[in-house]
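Student: my questions are about this predicted structure, shown below with the sequence.
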Amino acid sequence: MVGIMNTFHTSDLSLAAYLSLIGLKILKAEKDQNHKFSFIFEDPNLQAPSHAVSFINGEFSKYDNHLRNLKKMLYIK
């Protein structure tokens, strides 16, 4: 009997990068017609939601926010 695989889904590119960085395996990554991202991770221990909270409270999220702000500065004239 094959067990059901636990997965975690996000459309947040930065969170997906973080989850990949800490070792979660990406099962599927795609972009739809509206240019919205979709990432599905293997999450055997159901720990991705707590990792998502760690991402929000961590330095990686701060870095991402600064990067986004710099990009905005480049597009404002």
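Tutor: Yep, it's here.
Student: identify each buried residue in the longest helix along the chain, please.
Tutor: Longest helix of the chain, by residue count under DSSP state H: helix 59-75. Buried residues in helix 59-75, counted by 16 or more other C-beta atoms under 10 Å: Phe60, Asp64. Any C-beta I mention is one placed from the backbone N, CA and C, and that applies to glycine too.
Student: so what touches that helix?
Tutor: Here helix 59-75 makes contact (C-beta atoms under 8 Å, 6 or more residues apart in numbering) with Ser14, Tyr18, Leu21, Phe55.
Student: the residues you listed: which two are farthest apart?
Tutor: Ser14 and Leu21 (10.5 Å; C-beta to C-beta).
Student: more neighbours, these two?
Tutor: Ser14 (16 against 10; other C-beta atoms under 10 Å).
Student: any idea how far Val53 is from the spatially closest residue to Ser14 that is not a sequence neighbour?
Tutor: If the residues on either side of it in the chain are set aside, Ser14 comes closest to Asp64, at 4.4 Å by C-beta to C-beta, 6 or more residues apart in numbering. Note on Asp64: its distance to Val53, by C-beta to C-beta, to the nearest Å, is 15 Å.
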